[in-house]
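*Asks:* requesting a structural model of the entry that follows:
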Amino acid sequence: MNYLAVNTAGKIEILLKVKGKIFSSAHDDISTMVLPYINELLDEAQIKIDEIDIFGVCIGPGSFTGIRVGLSCIKALGFALNKPIIPVTYFDILAYDYVGGLDELSIVIDGKNQVSYLKNYPDNSGGICIKNDDLNVYALKNMFYDYEYSGKGFEKIMDKKIADKEYKTHAEIVPLYLRKSQPEREYGEI
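*Replies:* Alright, predicted model coming up:
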């Protein structure tokens with residue numbers, strides 16, 4: 001099973017698994033560089049895009065523009081090649097990175113501008129956007145932050161979702177926005 005997954009919620013993270021072998025890259029660049037980075041990994045793995053069986057994409061939360069770019073790219077590839085897509089949240093990527101699953105823990109993602117995105121596991125909600133001063137009110141004892149990410153969680157959650165056959169079509173994938181866009185926020189609260 002060959003898959004290609006993209007995470008643009010923060011830094012650009014691209015994961016390609018071909019016949020069990022992992023090819024990956026991480027970049028601090030702007031998210032408009034996603035397609036050239038995908039092409040570099042495909043060339044490195046010596047595989048063509050139409051040989052990918054499944055696509056994966058991080059649906060958020062994170063950078064508003066980054067999420068839109070990553071989703072647009074993967075949804076277009078899924079549509080054009082008629083391939084399934086696996087949506088994953090940045091919360092789940094981080095949870096699998098830290099503890100290898102969705103045990104009792106809190107994941108905190110820096111939302112910039114004095115707010116954070118918080119998800120407590122094993123709660124099934126999508127998470128919340130809260131002011132940084134309120135983190136200790138809502139978070140559990142086992143709190144992990146996005147800046148501690150090692151890069152292993154994306155592969156783990158993708159492999160689990162593939163094993164569980166959690167596929168969707170391009171039309172079913174939607175972003176996880178826990179906060180209004182900057183222009184919307186200028187006219188109200190977070």
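*Asks:* give me the most central residue, this structure.
*Replies:* Nearest to the mean C-alpha position of the chain, counting by C-alpha atoms, centre = their mean, stands Cys58 at 2.4 Å.
*Asks:* let me know the average pLDDT across whatever helix or strand it lives in.
*Replies:* Of the helices and strands defined by DSSP states H and E, Cys58 is found in strand 54-60. This predicted structure assigns strand 54-60 an average pLDDT of 97.
*Asks:* ok but Asn124 is inside a helix, no?
*Replies:* No: under DSSP: H, G, I helix; E, B strand; the rest coil, Asn124 falls outside any helix and is assigned coil.
*Asks:* hang on, the earlier thing: roughly how far does the residue nearest to the centre of the chain sit from Gly100?
*Replies:* 18 Å (C-beta to C-beta, to the nearest Å). For the C-beta atoms, the positions are set from N, CA and C on the backbone; glycine is no exception.
*Asks:* equivalent analysis for Ser24, please.
*Replies:* Counting by C-beta to C-beta, the separation of Ser24 from Gly100 is 18 Å.
*Asks:* cool, and Tyr177?
*Replies:* Tyr177 sits 27 Å away from Gly100, going by C-beta to C-beta.
*Asks:* tell me which other helices or strands the longest helix along the chain touches.
*Replies:* For the chain, the helix reaching the highest residue count under DSSP state H is reported as helix 64-81. For helix 64-81, the packing partners by 3 or more C-beta pairs under 8 Å, 6 or more residues apart in numbering; DSSP states H and E come out as strand 3-7, helix 34-45, strand 54-60, strand 85-89.
*Asks:* before we move on, back to that, out of Ser24 and Gly100, which sits in the busier spot?
*Replies:* Ser24 (16 against 12; other C-beta atoms under 10 Å).
*Asks:* do I have it right that the more buried one meets Val18?
*Replies:* No: checked against C-beta atoms under 8 Å, the pair Ser24 and Val18 is beyond contact range at 11.5 Å.
*Asks:* which stretches of the chain aren't confidently modelled?
*Replies:* Counting by pLDDT under 70, the chain contains low-confidence residues at 30-32, 140-141, 147-148, 185, 188-190.
*Asks:* try 80
*Replies:* Low-confidence segments of the chain (pLDDT under 80): 29-32, 99-103, 123-125, 136, 138-151, 180-190.
*Asks:* give me the distance between Gly153 and Asn82.
*Replies:* Taking C-beta to C-beta as the measure, Gly153 falls 28 Å from Asn82.
*Asks:* swap in Asn120?
*Replies:* From Asn120 over to Asn82 the distance is 37 Å, taken as C-beta to C-beta.
*Asks:* higher neighbour count, those two?
*Replies:* Relative neighbour count places Asn120 above the other of Asn120 and Asn82, with 18 against 9, counting by other C-beta under 10 Å.
*Asks:* hang on, the more buried one in a strand?
*Replies:* Yes: assessed by three-state DSSP, Asn120 belongs to a strand.
*Asks:* residues in contact with it?
*Replies:* 105-106, 138-140 (C-beta atoms under 8 Å, 6 or more residues apart in numbering).
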